[in-house]
Every structure is written in C-alpha cells, then in structure tokens.
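**Student:** Provide a 3D model corresponding to the input given below.
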Amino acid sequence: MPSSYGNKLVIAISSRALFNLDDSHRVYEQQGLVAYQQYQIEHEDEPLLPGEAFPLVQKLLHINERLGGEPRVEVLLLSRNSADTGLRVFNSIQHHGLEITRAAFSGGESPYRYVSAFGCHLFLSTHADDVRSALDNGVAAATLISSPKDQVDNSHSQLKFAFDGDAVLFSDEAERVYKREGLEAFTQSEIAAARKPLRGGPFKSFLAALHGLQAEFAADESPIRTALVTARSAPAHERVIRTLRDWNIRIDESLFLGGLDKGEFLKAYGADVFFDDQKGHCESASQHVATGHVPHGVANN
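**Tutor:** This next block holds a predicted model:
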C-alpha cells in the first residue's frame, strides 16, 4: 500500500464497469481502433450513462461524506483507453459528480499491472483476462456480469456486499475434496477439520479492509453490511464460523443454503454486489443483483 494512502480502502474500476460504453465498444468491434478513437473524441462532451458498478461506486464515495475529515475510501479508474480517448470518461465522472481523481490509461494494454502500485484492495472490470491477472498478483478481483436493470434495487442507503465462501473468502481446499470425492466425503472432511481454520481466499484481505472500515461506526449506524452466502449447510457450517472467528472478522449475515439457488436470497438481502467463483451461480445471481465472477480455484481450472 503506498504510504500516501494511509489506511484507505482503495477500489479500482475499469471504465466499462463504471459507465455504459456499449455504443463505443460496438464501433471498436465493427470499425476498428481508429474509428473508435475518433468516435470518443467526437462525443467527449456527451456524458456516458451509468454502468454496472456505478451505484456501488456512488455508495462507496458517500461513506467519505458520512465520516467527514480525511477520505477513507478511494475509487480510482484503470482503463485500456488512452488519455486522449479517456477524456470522455473523465468528463463523465465530473458530470455525475463522482470524487474520482486518480487514473491510469494504459493505451490498449492491460491495466492490471497498476493495481498493486496503487495499493488496491479490489479491482472490478468487465475484461476477464485483466481480472485473472490481478488475482494471480494477489489482488481481489472480479468480472462484472450484466444484470437486468429493472430487477436490481439499489434504493437502500446501506452498502451491502455478499460473498461466496469457498474459493472466494476461503481457499478452495474444501471445494477440491467435493469435486474429487463428492458431497459425503466433503462433509466428513469438514467435520474432521471443524476446528482447523481454512486458509484465506482471494477476497480475505478485502473483507478484512471492509471490517476495519465498519469498525469506525457504531454497529447500528454502519453504512456497510456484509453477508456470506454459501452452498454449505450443517454440519459443514462449523469450520466456516470458526475460521471467521480465528481471523477476528465479523460478518453480519450468514446464509447456509445447502445447495439452494442463491438468487432469491440475494434479492431478499438486497445485495449491491455478490462475488462467486462458479459461473452457474453468477449467472443465476445476476438475474437479481449485480454480480462479480471470481475466476479462481478448482471450479475455474
């Protein structure tokens, strides 16, 4: 973490996750790079519409207003645009009143290599290869999946994160047993290891950073709420509970669904974003809430 950031929560986001760039991306795919560059320059004074992560970013930045004083949340832009074509993005940031001042425009190259330099806790993108590279470099990252806007309710003021367990918050060690030997062997293995904490997964550090930010508010006044939404059920629940206790991390809600579809539960919880390693779960969840696929662990090998 760069020393100038102190104890900030730092989130990096791609321009296509923050704004709807479908029209300009279509120009790029159909007419090529030069036509895309010209299109962006010609439209640079036309504000872009919000993208998948826009409501999430608004709520993140609003936390700074709640706390006052030195900002505790930093959102920055990592984009494959050049600075020239990225001017439209910055103009749109200003138009929408977002306090985003730092950016890296990588001119067509992957911007993932800047996530560590910026000290990011989380990287959100629509480009799966960039997400995989960030994960390989030890940064929590997810590929945002498009969700039906008429199904997503972001009207509540609290910022609600939801996480899958194995291969997201935790390592995929237990999931590997399930994939290799089946449910019964998985259950017996988890009973035997109930008091042995699971190793951390790619989102452990991000959850810890959220927990630290939550601690600055009274429990009933926190603008952030977290939930574990897992396919596990009893008796495989105990190891998860003891692991979070060992990490000294509080999670507000825990749903042990025993294989039930997660979508309706995420909708009931009101998640602003849900992170899962399995594409099938992500596709189902994205019908109800904004969803990030975490391409990590045995399910993605």
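**Student:** how far away is the residue lying closest to Asn91 once chain neighbours are set aside from Glu253?
**Tutor:** Nearest non-adjacent residue to Asn91, counting by Cβ to Cβ, 6 or more residues apart in numbering: Glu44, 5.9 Å away. To be clear about C-beta, it is placed using only N, CA and C from the backbone, and glycine gets the same treatment. To Glu253, Glu44 is 43 Å away according to Cβ to Cβ, to the nearest Å.
**Student:** which one's more surrounded, these two?
**Tutor:** Glu44 (17 against 13; other Cβ atoms under 10 Å).
**Student:** quick one, helices of the stretch 201-301 of the chain?
**Tutor:** 204-214, 237-247, 263-269, 279-285 (DSSP state H, counting those that start in this stretch).
**Student:** take these and write them to a markdown table, including mean pLDDT and distance to Phe105.
**Tutor:** As requested, the helices of the stretch 201-301 of the chain are exported to a markdown table (pLDDT from 0 to 100; distance: least, Cβ to Cβ, whole Å):
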| stretch | mean pLDDT | distance to Phe105 |
| --- | --- | --- |
| helix 204-214 | 95 | 25 |
| helix 237-247 | 96 | 37 |
| helix 263-269 | 95 | 34 |
| helix 279-285 | 93 | 29 |
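**Student:** in TSV, list those along with distance to Arg113 and mean neighbour count.
**Tutor:** Output for the helices of the stretch 201-301 of the chain, formatted as TSV (distance: least, Cβ to Cβ, whole Å; neighbours: other Cβ atoms under 10 Å):
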stretch	distance to Arg113	mean neighbour count
helix 204-214	19	19
helix 237-247	29	18
helix 263-269	32	18
helix 279-285	26	18
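**Student:** what's the closest of those helices to Ala185?
**Tutor:** Proximity of the helices of the stretch 201-301 of the chain to Ala185 was assessed by Cβ to Cβ; the nearest stretch is helix 237-247, lying at 14.7 Å.
**Student:** what about this protein, any weak spots by pLDDT?
**Tutor:** Scanning the chain for pLDDT under 70 picks out 1-6, 147-156.
**Student:** domain ranges for it, per the record?
**Tutor:** The chain breaks down by automatic domain parsing into domains covering 3-143, 159-300.
**Student:** hmm, back to that, could I get the helices of the stretch 201-301 of the chain as CSV with distance to Phe118?
**Tutor:** Listed next are the helices of the stretch 201-301 of the chain as CSV, based on distance: least, Cβ to Cβ, whole Å:
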stretch, distance to Phe118
helix 204-214, 14
helix 237-247, 25
helix 263-269, 29
helix 279-285, 26
